[in-house]
Each structure stands twice: as structure tokens, then as C-alpha cells.
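Enquirer: Generate coordinates for the sequence data below:
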Amino acid sequence: MAYTTINKSTDYFNTKLYTGNGSTQSITGVGHQPDLVWVKQRNGTAYHQLTDACRGVNSQAASNDTGLGASNACVTAFNSDGFALGSNGDVNGNTLTYASWNWKANGQGSSNTNGSINTTYTSANTTSGFSISTYTGTGSNATVGHGLGKVPRIVIVKKTSGASSWRVYTAMTGNTSQIALNGVDAADSGNTTMWNSTTPTTNVFSIGTHGEVNTNGATYLAYCYADVQGFSKMGSYIGNGNANGTFVYTGFKPAWVMTRATDISGGTDWYVFDNKRPAYNLTNLELQPNNSGIESSDIQLDILSNGFKPRGSQGGHNGSGKNYIYMAYAEEPLVSTNGTPATAR
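Expert: Below you'll find the predicted structure:
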């Protein structure tokens, strides 16, 4: 049975590891021209740096910080098979090691007029279910076009004209809740001003009057992610607190997994795993989007042919009876349109 029209996942998403040289260099082997490049130093405490085609090169934003992106010689070009780097140590320190996570959208894009707010740019890839938008707030309840033609399961918004947290909507936590990508607090509830208590549609996502998503005259960045069968999936699981962790079915062999607890008092970290760090099971090298810490090995993830399994009893990853959300991208679908089945690593 054919599950997806995406036979080669690296055409749309890929992890690329590299070593910095302290000068300038081009990183190749991504497999596509990325429109979002997310870089984190592995063996040091440099900030995460996210650069996208809608804002343009040298306009970074750090997922672990509330501050503004700046022109600081990080990603200086999006190339046909990767990206170019300047000399900034956050992304290219001499002999330092880095992980980059790369998504393809549709270049800089153009204005989307589906919502009550016309976006400045929307770069949408309807095949892979990923879009980038920039918009200016009105201070009143509004809608913003995302261009996907399907309902996004995760929406991440960051103010770009002032300091603010990264606010995350997920279908799993609902339209009266949000989580901060740069924070550790549990998901809130009864929040009517962030997403206007309205679930995204196939054309738009909704924003309320909260200043971190919709201040009059302020500018914002939004990343929207939708499920694509056999390629991407966003969902939830309940931890069981033991080494034989909860099995999470995705329908593909994951290449990248991000998890977060939603109901732990006092909060917890986000965790990102990928199929390159290391390139075998058990995957035990995680980076944390909400902080600048070095790559750690205290959390374990089992990458399987059709999903993943968190291992261990750590509360932030697999606490007994605790609720978690996840976002996953495929190395390959369980069965692709060419009939090739995936196998475990």
C-alpha cells in the first residue's frame, strides 16, 4: 500500500552535521535548498540560531532566547544543496561541531491574503506541510493565512520587533493553551487571548489580542507544521516510567523527533533527537531548544521502523502517567510509493 507521495524525505527535511572553521564556508549535502536552517553548537553553549527565507539571511532568532535576531554573519546564503556561513561562533566557530536541521518551504514567498491580516510573506510547501509567514499585528482578534491547504497541528509564533517568548500552539494541547519554546513551564489552560480560542483551518490560524502574537504595529514570524502521512506527524503519548518505554506509532522511521512534557509541575525541557547523532540505536544525544546547553546523553530514544520509543524514567521524557507532545519527521516512510519498506536501524 502506498502511504505517501514523498519517496525521498531529504528533498524536504534533513539533518546535516558539520565542523566550523572560524571563517566562511558552504555546507553541502542537505539534499535541497533549505528555507529554514536551525543550527545548534553541539560541544559548546552557543545559542540556537534559526534563519529563514522570509526574513532573509543574516536575520537570526534564538529559540532559547526572547531577544531579537540580528545581522551577525551566521547563515549568509541559502544554496541549492545547503547553505553558506559567516564567521559567527554561534554557527561556525573554528573546530567546533554543529547540528543543522533544514526544512524546505517555497523561497521567500509572497503575501497571503486569506486571513484578516495580509502576510508580508508566506512561503508554503503544500507537499511537505510546512510554511513560514511574516505579518504585522493589529491588536484585535485576527486570522493569518498559512498557505498549507491543510490544518496545521503546530504553530510557532515569535515577535520580531521586540523581545518576546516563542509561543507554540499545538492541536494536542488545544486552542486555549500554549507552551513557550524558550521556556520550561507546563502548558497553560484557559488562555483565550493567544489563539482567540479558535482552532486553525486549512487556510488560516487565529490570533487573539495577546501582545506576544498580536500587538498593533509589531512584526511577527510564524512557522506552521501539518501532518503528511508517511513524512511528518505531530501527536502525543503518555509516559510509563520504565526502560521499556511507551511505543509511539508514526507510520515511518523517524529522522528527527522533538518531545516536550505538557503537565509537569515546575516545567521541563524540550528535547530534540535526530538520526545522525549518533547514527545508530539507542539514540542518546539530545539538544534542548529552550536552552543553550551542550549536547547531552542522559535521555534515550529508540528509533524504530514505524515510530519511536522513549527509554528510561526521566520525568521530562517518559514519566509514569505524564503527558507528552511530539513532532517527528521521516527518514523514510513505512512503505513508500515505490513499495520499499522501512527497517529499524
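Enquirer: Next, work out how far apart the closest residue to residue 210 other than its chain neighbours and residue 177 are.
Expert: In space, and not counting its chain neighbours, residue 210 is closest to residue 193: 4.2 Å by CB to CB, 6 or more residues apart in numbering. Where you see a C-beta, it was placed from the backbone N, CA and C, and this is true even at glycine. Taking CB to CB, to the nearest Å as the measure, residue 193 and residue 177 are separated by 12 Å.
Enquirer: Please apply the same query to residue 27.
Expert: 37 Å.
Enquirer: What is the burial count for residue 165?
Expert: Here the number of neighbours of residue 165 (other CB atoms under 10 Å) works out to 18.
Enquirer: let me fix that: residue 45
Expert: Neighbours around residue 45, by other CB under 10 Å: 10.
Enquirer: before we move on, what about the one 3 residues further on?
Expert: Using other CB under 10 Å, residue 48 has 27 neighbouring residues.
Enquirer: And residue 147, by the same measure?
Expert: Using other CB under 10 Å, residue 147 has 23 neighbouring residues.
Enquirer: ditto for the one 3 residues further on
Expert: The local packing of residue 150 (other CB under 10 Å) involves 16 other residues.
Enquirer: nearest residue to it other than its sequence neighbours?
Expert: residue 226 (4.6 Å).
Enquirer: what sits against that neighbour?
Expert: Neighbouring residues of residue 226 by CB atoms under 8 Å, 6 or more residues apart in numbering: 129-130, 148, 150-153, 232.
Enquirer: Over to residue 198?
Expert: With contacts defined as CB under 8 Å, 6+ apart, residue 198 is in contact with 175, 206.
Enquirer: Now do the strands in the stretch 1-150 of the chain.
Expert: 13-19, 25-28, 36-41, 49-52, 75-79, 82-85, 97-103, 121-125, 130-136, 142-145 (DSSP state E, counting those that start in this stretch).
Enquirer: Would you map out the domains in this structure?
Expert: Segmentation of the chain into domains, based on automatic domain parsing, reads 9-103, 121-225, 232-333.
Enquirer: Export those as CSV, with columns for distance to residue 113 and mean pLDDT.
Expert: As requested, the domains of the chain are exported to CSV (distance: least, CB to CB, whole Å; pLDDT from 0 to 100):
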stretch, distance to residue 113, mean pLDDT
domain 9-103, 16, 95
domain 121-225, 7, 97
domain 232-333, 26, 94
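Enquirer: Out of the ones you listed, which gets nearest to residue 110?
Expert: Across these, residue 110 has its closest neighbour in domain 121-225 (6.5 Å, CB to CB).
Enquirer: how near is residue 89 to residue 23?
Expert: 11 Å.
Enquirer: Comparing the two, which residue is more hemmed in?
Expert: residue 89 (16 against 10).
Enquirer: follow-up on the earlier one: cross-check the contact I'm expecting between the residue nearest to residue 210 and residue 208.
Expert: Yes: in terms of CB atoms under 8 Å, residue 193 counts as a neighbour of residue 208; the distance is 4.1 Å.
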